[in-house]
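Undergrad: this is a predicted model, with the sequence first.
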Amino acid sequence: MGDLVTMDDLTNEEIDSVLVVAERLVPVARGDVHLPLLQGKVLANMFFENSTRTRMSFETAMKRLGGSVMNFSSIGTSVSKGETLFDTMQMIDGYADVAAIRHPRQGAAQYSADAVSIPILNAGDGAGNHPTQTMLDLLTIRQAHGSMEGLNVVLVGDLRYGRTVHSLSHALVRFGVSLTLVSPPSLRMPDEIVSDLRSHGAEVVETETLIEQIPNADVIYMTRIQKERFPDEDEYAKVAGIYKLSASDLTGAKKGMVVMHPLPRVDEIDPSVDSTDHAFYFQQAFNGVPTRMALLCRSLGVEVPEEVV
Amino acid sequence: MSEMRRVTAIKNGTVVDHIPSGNALMVIRMLRIDVSRSTPVSLVMNVPSDKVGRKDVLKIEDRELSQEELDRLALIAPAASIAIIRNHAVAEKLVVDLPSDLINIASCSFSNCITKNDREPLPQRLRVISQDPLEVRCYYCGKGQEISELIDNIL
């Protein structure tokens, strides 16, 4: 019931209420307010694939709320001895109150949610979904623009393998956002996703060039072209470094336009952008903490007080 | 067809009619009929049909297929009509009803799906998104499935 596998697990009203709670938890996320709502609860961080920000922000979120964390990595554990995901998750079902799972195989989060009784938070499954990232992205967009209705969001880079943009695009169209998809042909958004987005009545434009999209953008969401998702090196070399944004490219941008990136960046965003008012990617990374706090509370059925002081 | 009966009528059993031409052997496989051990099975393929142009027909003696078994045919013979025969007469008429989830009927065709590890014990589960045109996605990984690929992945 408290699972979050894809954004379809949340209604628009639930998304709104999680984001309101996340905003309220910002002082707790910063460590300015002590609020041990999850004392005595245990989070299992099940990372079958590497992660920095997601794993650490889940850990910080749980600890800031007074809970504790078990960190699991598949290297040097029973998984390397050939244990099935089903069996690994049965063990965790007995050890923890909630689990965040990242796995290289698509569908692993839904599979885990079906295998155990504790709530499962999908922290990224292959090229599938990454809904907690989407929630923090939505929080960031709301902080920048207030409402999402009518915004033009430009998604750039690896739209084929990038799970972040798959989850995010699904969520954005539910809030009346227009999407511009910028990618090389080999990294286009999968057809079934584009068809889903259009069936929501969203305006979706696909193009290969970024620069001409800048003046009309309210959000430019850059992504890294992920070397590890390519079947071979030559294919990667053809598209690596294709989209780069520097401060000089942004002179014609709208005043309130924000640049986002799920990070880590390689060379998609030049450091010259960091000092402009457009740079929102570090605030976005911080937002992982209050957002995951709000989601952990939701999964564990813990109410967050109206006043956090 | 009745005036020029290619296969004798059966006394008791199931007749599966209006199978798309060429798919009868697949139907046998999907119904998990073990032809080496079961009761007699008669098969006619590629016969003219007013309704569908050309069709296959399957007659399975002394066995009444259940609705659940017949629903497995939704992927390859959604328009099949089924008659349960008792004592030479049609006792019941059934149609294939596409379930919302296809459980352990075919495996997901996406190479990176969690279900590709065949030691994982949870069932294969495909979700029917739309009936016409038939659109099926894996319940776990969400990948859209080509019907031709699914037929290769029949369990």
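TA: Everything's here; your move.

Undergrad: contacting residues for the residue nearest the centre of chain B?
TA: With distances taken as Cα atoms, centre = their mean, the residue of chain B nearest its centroid is B:L73 (2.3 Å). Listed by Cβ atoms under 8 Å, 6 or more residues apart in numbering or on different chains, the contact partners of B:L73 are B:V16, B:I19, B:V27, B:M30, B:L31, B:A80, B:V96. For every residue, glycine as well, the C-beta is placed using N, CA and C.

Undergrad: for the fourth one, give its distance to chain A.
TA: Separation of B:M30 from chain A (Cβ to the nearest Cβ, to the nearest Å) stands at 24 Å.

Undergrad: and what about A:S195, helix, strand or coil?
TA: Recorded secondary structure, A:S195: helix (DSSP: H, G, I helix; E, B strand; the rest coil).

Undergrad: how close does it sit to chain B?
TA: With the distance defined as Cβ to the nearest Cβ, A:S195 ends up 9 Å from chain B.

Undergrad: and that residue, how many neighbours?
TA: Neighbours of A:S195 under the rule other Cβ atoms under 10 Å in any protein chain shown: 13.

Undergrad: okay, the residue nearest to the centre of chain B: pLDDT?
TA: What the model reports as pLDDT for B:L73 is 85.

Undergrad: can you read off the backbone torsions of it?
TA: Backbone geometry at B:L73, expressed as degrees, to the nearest 10, gives phi -80, psi -10.

Undergrad: let me have the contacts of B:L73 in TSV, extended by pLDDT, neighbour count and secondary structure.
TA: Output for those, formatted as TSV (pLDDT from 0 to 100; neighbours: other Cβ atoms under 10 Å in any protein chain shown; DSSP: H, G, I helix; E, B strand; the rest coil):
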residue	pLDDT	neighbour count	secondary structure
B:V16	94	25	strand
B:I19	93	26	strand
B:V27	89	22	helix
B:M30	83	22	helix
B:L31	84	18	coil
B:A80	91	24	coil
B:V96	87	21	coil
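
Undergrad: out of these, which one sits closest to chain A?
TA: The closest of those to chain A turns out to be B:M30 (Cβ to the nearest Cβ; 23.8 Å).

Undergrad: does the closest one touch B:I154 like I think?
TA: Yes - the pair B:M30 / B:I154 is scored as a contact, 5.8 Å apart, by Cβ atoms under 8 Å.

Undergrad: now for those two: what residues contact both?
TA: Residues within reach of B:M30 and of B:I154 at once, by Cβ under 8 Å, 6+ apart, are B:L75, B:I105.

Undergrad: how about residue 145, what does it touch?
TA: With no chain named, the answer covers chain A. When contacts are counted by Cβ under 8 Å, 6+ apart, A:H145 is found next to A:L151, A:D218, A:V219, A:G256, A:V258.

Undergrad: actually it's chain B I care about, not the one you picked
TA: Taking Cβ under 8 Å, 6+ apart as the criterion, B:Q145 is in contact with B:A106, B:C108, B:S109, B:F110, B:L126, B:V136, B:R137, B:C138.

Undergrad: that one and B:L126, how far apart?
TA: From B:Q145 across to B:L126, the span is 6 Å (Cβ to Cβ, to the nearest Å).

Undergrad: which residues do the two both contact?
TA: Counting by Cβ under 8 Å, 6+ apart, the common neighbours of B:Q145 and B:L126 are B:A106, B:C108, B:V136, B:R137, B:C138.

Undergrad: and the fourth one, that's in a helix?
TA: No - when the secondary structure is assigned by three-state DSSP, B:R137 falls in strand instead of a helix.

Undergrad: what is the burial count for it?
TA: The number of residues packed near B:R137 is 17, by other Cβ under 10 Å.

Undergrad: my guess is it contacts A:E192, does it?
TA: Yes - B:R137 is within contact range of A:E192, at 7.5 Å (criterion: Cβ under 8 Å).

Undergrad: shared neighbours of the two, which are they?
TA: Counting by Cβ under 8 Å, 6+ apart, the shared contacts of B:R137 and A:E192 are B:K143, B:G144.

Undergrad: close to chain B, is stretch A:96-110?
TA: Yes - Stretch A:96-110 reaches chain B (Cβ under 8 Å from any Cβ of the partner chain) through A:H103, A:P104, A:R105, A:Q106, A:G107, A:A108, A:Q110.
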